[in-house]
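Visitor: Fold the following, please.
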Amino acid sequence: MKKIMRLGIPLSLLSVSSLAFAQAADLMQVYQDAFIGNPTFLAAKANAQAQMQEVPIARAGLLPSAMATATDGFNNYNNQGTPNTNVISPAGNTFSLQGSEGTYRYNQQYYQLSASQPIFDVVAFLGYSSAKYTASAAASTFNAALQTLISTTAQAYFNELNAEDNLAYEQAEKQANYETYTEAQQKFEVGLIAITDVEQARAQYDSQVAAVIAAEAAVVNAKENLRAITGVYYDKLASLRNNTAPLISPQPADVNKWVQTADKQNWSLLAARQTAEAARKAAQQAQAGHLPILDGVTTYTGNNTGDSPSGKVNNRDAYVGLQLTVPIFENGVGYVSATAKQASYLYEADLQNRNNTYLSTMTNVRQSFNNTLAFISQVEADKQTIKASKLALDSIIAAYQVGGKTMLDVLNQQQDLYTAWSTYSTDLYSYINSSIALKQAAGTLSPLDLQQINTWLTENRQPFTPTMYSSGDTSIKRGPLAGGT
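Guide: Numbering: from 1, shown residues only. Alright, predicted model coming up:
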């Protein structure tokens, strides 16, 4: 039997920093905030807890039940001039029954204790079996929600980092374009270049100003998306140390092994299977509605009165027996036919949902596996592209200084370099997210995976600075560059 993932998280993974607003929030702190404050996740938790109550509710139908009732009252009986009553006996004789006349004041106590125990009740037994599958499906659905929370939080976290990286690249390109524009103006003033070069540089700079504004908006939106998950706004997030991360291939390296694991451990698939089993039992329960029900019953009754018109009463009655109930007809509809058909259709729907979940799960596993490998290769290729773009920019700048290249050549190559850096960051974060998606599809994702990724982060990453060069200087001065050395 598959073990259910524990709903709690080690305190070491959920510690809250008292300096949360002074320091950069890391991935584990952000996940903790989501764990305790995400409405979707908390709703899934409450729903699972509610569904699990189906088991004791259904089990009650198989257990003995007992009920006690008691009354204690005071009667005041007053009868004046009660006439005689002629009574005809069963034999046809007529006789006179003297009426009771007078006033009577007396107490009366009545009590009853009854108990029953189902002996044969197929409907109740199948209902209990269905409830157990429903509770298991609820637990699996909750664990799927927990893994969704992990992956959604991580994706939003790295989406914000990606947006911030892109903003840094756009700002760096803006600064570089400004330096290029300034240099072009200086060269034009001394007659070294035509006005066309100045206008090209100015147009590129103006375009980049708009790009920076768009990138700033993307950062704001990414922050709001993360706040929608956690309920907390983060001024700063810990980012990847040295703008890189370990490129770890999926282990095992065989996608079929991952498929086999998902078949056994994917929580959504388990929930779909358990839901289908619950529906199957419910269909059997509906079909069993025509079967008789046998209960063991017992009652004990007592009735005491004072001096009443009938004299004192002190009765005791005990009964033990069997009660057989045979459903025949109810509410104008055959007891079984309509409910049984409805339950069978619902079972068929759950079967198809199970099949669909299986197919989508297997597809997600294979796609996430392939995506992880593809992004690893792409990140490595992006690094080479950055290096090549750097060398190309160096060469074009040197040629431009001696008149062998135009300002447009410099601007285009400069844009290519920043685009290469942006592509590298996007692919790197996509690699991280795809590796998380793979574990989620396999059903093995846990907070420990986030803890491992959290070790790749730092609060003190060096800021990205633009490529800069000065008029008359062929040297290139660069700050730390993402993805390259």
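Visitor: who's in contact with stretch 50-66?
Guide: Here stretch 50-66 makes contact (C-beta atoms under 8 Å, 6 or more residues apart in numbering) with 113-118, 121, 124-125, 127-128, 130-132, 134-135, 137-139. Heads up, the C-betas are built off the backbone N, CA and C, glycines and all.
Visitor: filter these to the buried ones?
Guide: Neighbour counting with 16 or more other C-beta atoms under 10 Å marks 118, 121, 124-125, 127-128, 130-132, 134-135, 137-139 as buried within these.
Visitor: Where strands are concerned, which of those count?
Guide: Among the buried ones among the contacts of stretch 50-66, the members falling in strands (DSSP state E) are P118.
Visitor: Compile the buried ones among the contacts of stretch 50-66 into JSON lines and extend it with columns for pLDDT and distance to Q260.
Guide: Formatted as JSON lines, these follow (pLDDT from 0 to 100; distance: C-beta to C-beta, whole Å):
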{"residue": "P118", "pLDDT": "87", "distance to Q260": "43"}
{"residue": "D121", "pLDDT": "85", "distance to Q260": "41"}
{"residue": "A124", "pLDDT": "86", "distance to Q260": "38"}
{"residue": "F125", "pLDDT": "89", "distance to Q260": "35"}
{"residue": "G127", "pLDDT": "88", "distance to Q260": "35"}
{"residue": "Y128", "pLDDT": "86", "distance to Q260": "33"}
{"residue": "S130", "pLDDT": "89", "distance to Q260": "29"}
{"residue": "A131", "pLDDT": "89", "distance to Q260": "30"}
{"residue": "K132", "pLDDT": "92", "distance to Q260": "26"}
{"residue": "T134", "pLDDT": "92", "distance to Q260": "27"}
{"residue": "A135", "pLDDT": "93", "distance to Q260": "27"}
{"residue": "A137", "pLDDT": "93", "distance to Q260": "22"}
{"residue": "A138", "pLDDT": "94", "distance to Q260": "25"}
{"residue": "A139", "pLDDT": "94", "distance to Q260": "22"}
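Visitor: Going along the chain, name the strands of this protein.
Guide: Going by DSSP E, the chain shows strands at 65-79, 85-88, 94-97, 102-120, 239-240, 293-308, 311-325, 329-330, 333-334, 457-458.
Visitor: The fourth one pairs with which strands, and in what direction?
Guide: Read that as strand 102-120. Strand 102-120 has the following strand partners under DSSP bridges: strand 65-79 (antiparallel), strand 293-308 (antiparallel).
Visitor: Now render the ones you listed as CSV, adding mean neighbour count, mean pLDDT and distance to M407.
Guide: Putting the strands paired with strand 102-120 into CSV (neighbours: other C-beta atoms under 10 Å; pLDDT from 0 to 100; distance: least, C-beta to C-beta, whole Å) gives the following:
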stretch, mean neighbour count, mean pLDDT, distance to M407
strand 65-79, 10, 81, 91
strand 293-308, 15, 83, 93
